[in-house]
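Trainee: Provide a 3D model corresponding to the input given below.
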Amino acid sequence: MNIKRTICNSSALLLLLYCWTICFGASGQQDEAVGIVLDILKSGDQEMQAVAIAMVKDMPGTEVTKALVKELPNLSAASQVQLLSALSDRGDAAALPAVITAVKAEDESVRIAALKAVGQLGDESSVDLLARTAAAIRGAEQKAARESLYRLRGAKVDETILTGITKAQSKTKVELIKSAGERNISAGVNTLLKTAKDSDRKVRLESLKVLKIVAGPEHLPAMVELLLNLQSSSDLNEARKTIASVAHQIEDKNRQAEAVLAVLPSVKDVKKRCSLLSVLGKIGDSSALPLLREALGSNNIEKRGAAIRALAEWPTSVPAADLMKAAENSENKLHRILALRGFVQMLALDNTRSTEETVTMYKKAMALASDAGEKKRVLSGLANMKSLDALTMATGYLEDKALLKEAESAAVKIAGGIYERFPRQTRDVLKKILQTSKNEVLQKQAQEVINKIDGSGKQVED
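Mentor: The predicted structure follows:
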């Protein structure tokens with residue numbers, strides 16, 4: 001029986017042919033099945049083409065792959081996309097040359113499909129193509145090139161990426177560095193420590209970002225040395241984040257700052273010393289607090305500023321008293337502001353003190369705030385409290401035009417957290433805000449809380 005004549009345009013018969021091919025896969029029968037598929041691919045029937053392509057991925061043999069890729073350029077763009085996906089699923093590297101050719105196709109959807117297929121079929125020989133493509137384009141094509149670079153398989157892919165980093169142009173180098181992070185190539189630390197000093201800013205920053213992922217605590221001394229030799233503020237900021245991130249891998253929290261503390265005594269340059277002080281703040285190792293407190297009392301304004309910034313970034317509220325003291329006593333206005341901001345941020349970190357104590361500290365902060373901007377920050381922090389004292393404090397600023405918006409917002413938020421315990425007091429405050437506020441969003445929020453109070457069944461006197 002001539003199977004080609006009986007197939008006609010029936011998808012059902014084509015599916016039967018698929019079953020026949022898989023179950024009775026003798027060589028001659030497979031050749032005839034491939035011929036049928038190719039005939040369908042050459043036809044203009046896209047529905048039939050889609051069904052034929054769907055069965056391609058399970059048809060065994062490299063000869064099948066070669067026959068399919070030969071027909072690839074002759075298909076419509078939509079069918080090429082489907083066939084490229086099927087070839088990718090087959091996993092036969094014999095299709096790779098044709099897939100690489102399709103990366104340069106005129107149709108964008110075909111190029112994207114080809115780039116995705118390279119990630120499945122390629123090896124170390126595809127690294128340069130994917131990296132250069134990702135560096136040269138944007139959008140969906142760049143995304144496809146990057147993702148394929150990240151998932152390339154092969155024993156030599158990582159090695160090829162690292163070798164390429166040292167030779168590539170800047171844009172391509174950035175893409176290769178990104179891939180080192182995505183692939184978590186820990187063997188690339190020394191390479192990245194070098195590229196972190198590259199003449200190109202983007203290369204330096206990407207290297208520092210990836211070091212967070214691939215470096216370990218054993219690399220901290222080299223990373224600290226790198227920090228001391230960086231110049232630009234953006235490089236320094238990224239390097240500090242990187243060192244802190246890697247230091248946090250050390251399980252003993254009282255040893256996380258050892259690499260920085262070991263170097264500090266020998267560093268006499270003020271800017272470099274301040275840079276190390278800043279790192280200590282990001283790490284948050286309590287063994288560094290005596291040194292930072294000593295710097296707070298330094299005669300050098302830069303050292304004092306660095307110490308305040310470091311303490312303001314501390315991950316716990318331990319230095320809160322130090323920052324409050326600096327906010328009260330510093331002769332430098334900027335230092336007072338930075339210390340106050342750090343102090344306010346820390347009030348939300350400690351949940352061991354009583355709410356009364358915390359509200360008292362907010363009141364101290366408000367008294368130290370030198371302008372409306374700083375007072376707004378205090379009210380913003382106060383809004384996270386759930387106590388009647390906090391509501392009373394926020395309500396006290398409803399008459400201050402400069403702080404009205406923040407006071408209203410804080411009062412409504414606090415009321416939403418305490419109305420079940422203090423229905424009458426919260427209702428009184430919210431009724432006042434409803435009458436005076438011009439903020440429709442806050443009015444709506446206030447009314448919603450009032451409705452909850454009124455619907456709770458509790459006795460509330462007007």
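Trainee: which phi and psi does residue 92 have?
Mentor: Taking degrees, to the nearest 10, you get phi -90, psi 110 for the backbone angles of residue 92.
Trainee: next one: residue 350
Mentor: Backbone torsions for residue 350, taken as degrees, to the nearest 10, come to phi -100, psi 120.
Trainee: Who are the contact partners of it?
Mentor: By Cβ atoms under 8 Å, 6 or more residues apart in numbering, residue 350 lies in contact with 316-317, 320, 358. Just so you know, the C-beta spots here come from the backbone N, C-alpha and C atoms, and that holds for glycine as well.
Trainee: quick one, helices of the stretch 301-450 of the chain?
Mentor: For the stretch 301-450 of the chain, the helices defined by DSSP state H, counting those that start in this stretch cover 301-312, 320-329, 333-346, 355-368, 372-382, 388-395, 404-418, 423-436, 440-454.
Trainee: could you dump those to a markdown table with distance to residue 276?
Mentor: What follows is these, written out as a markdown table (distance: least, Cβ to Cβ, whole Å):
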| stretch | distance to residue 276 |
| --- | --- |
| helix 301-312 | 9 |
| helix 320-329 | 18 |
| helix 333-346 | 18 |
| helix 355-368 | 29 |
| helix 372-382 | 28 |
| helix 388-395 | 38 |
| helix 404-418 | 37 |
| helix 423-436 | 48 |
| helix 440-454 | 45 |
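Trainee: Which one of those helices lies nearest to residue 50?
Mentor: Between residue 50 and these, the shortest gap by Cβ to Cβ is with helix 440-454, which sits at 50.6 Å.
Trainee: The nearest residue to residue 311 once chain neighbours are set aside: what's it in contact with?
Mentor: Sequence neighbours aside, residue 319 is the residue nearest to residue 311 in space, at 4.2 Å (criterion: Cβ to Cβ, 6 or more residues apart in numbering). By Cβ under 8 Å, 6+ apart, residue 319 lies in contact with 289, 292, 311, 342, 346.
Trainee: for residue 302, same thing?
Mentor: By Cβ under 8 Å, 6+ apart, the contact list for residue 302 reads 270-271, 274.
Trainee: What is the nearest of the residues you listed to residue 253?
Mentor: For these, the minimum distance to residue 253 (Cβ to Cβ) is 23.6 Å, reached by residue 274.
Trainee: Quick one: the helices in the stretch 51-200 of the chain, in order.
Mentor: For the stretch 51-200 of the chain, the helices defined by DSSP H, counting those that start in this stretch cover 62-71, 77-90, 96-102, 108-121, 127-136, 139-151, 157-167, 170-182, 189-195.
Trainee: Mark out where each domain of the chain begins and ends.
Mentor: Domain assignment for the chain by automatic domain parsing gives 1-122, 125-214, 373-462.
Trainee: Tell me which of those domains sits most buried.
Mentor: Per residue and on average, the most neighbours among the domains of the chain fall to domain 125-214, with a mean of 19 (mean count of other Cβ atoms under 10 Å).
Trainee: Would you check that residue 349 makes contact with residue 312?
Mentor: No - using Cβ atoms under 8 Å, residue 349 makes no contact with residue 312, being 11.9 Å away.
Trainee: Neighbour count for the two, which is higher?
Mentor: Taking neighbours as other Cβ atoms under 10 Å, residue 349 and residue 312 compare with residue 312 leading, 21 against 12.
Trainee: Hmm, the more buried one is touching residue 340, no?
Mentor: No - with contact defined as Cβ under 8 Å, residue 312 does not reach residue 340; the gap is 9.2 Å.
Trainee: Quick check: neighbours shared by those two?
Mentor: Residues touching both residue 312 and residue 340 by Cβ under 8 Å, 6+ apart: residue 323.
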